[in-house]
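*Asks:* Requesting a structural model of the entry that follows:
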Amino acid sequence: MCRNIRTLFNFEPPASEDEIRASALQFVRKLSGFNKPSQANAAAFNRAVDEVADTARRLLGALHTHAPTRDREVEAAKARERSRARFN
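*Replies:* Next comes the predicted model:
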């Protein structure tokens, strides 16, 4: 879908409210095609962001895995290395 969407599940520390809200905002922006909606669409847009964030929060709370939790710093370093290899 979108290369900027990040996995939020199975990390230590867990995804923060800000990360969940940012992912919901990005998802609604992608669906609607609006970066910033007009005043006429703002209420629907904001309601959608709230509902998607709530759904994402419930999903993350309901998921279970036997895999060890991933470290954010290690995963970020891997992503930087992949990016460096791709663009050099």
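
*Asks:* For the rest of this, base every contact and every neighbour count on C-alpha atoms.
*Replies:* OK.

*Asks:* pLDDT below threshold where in the chain?
*Replies:* Applying pLDDT under 70 to the chain flags residues 1-4.

*Asks:* how about 80 then?
*Replies:* Counting by pLDDT under 80, the chain has low-confidence residues at 1-6, 88.

*Asks:* Quick check: which element contains the residue nearest the centre of it?
*Replies:* Geometric centre of the chain, nearest residue: residue 23, 3.0 Å, by Cα atoms, centre = their mean. Assigned by DSSP states H and E, residue 23 falls within helix 17-32.

*Asks:* Name the surrounding residues that touch that helix.
*Replies:* Helix 17-32 has contacts (Cα atoms under 8 Å, 6 or more residues apart in numbering) with 5-6, 8, 35-36, 45, 48-50, 52-53, 56-57.

*Asks:* Which pair of those residues spans the longest distance?
*Replies:* Greatest spatial distance among those (Cα to Cα): 8 and 36, at 24.1 Å.
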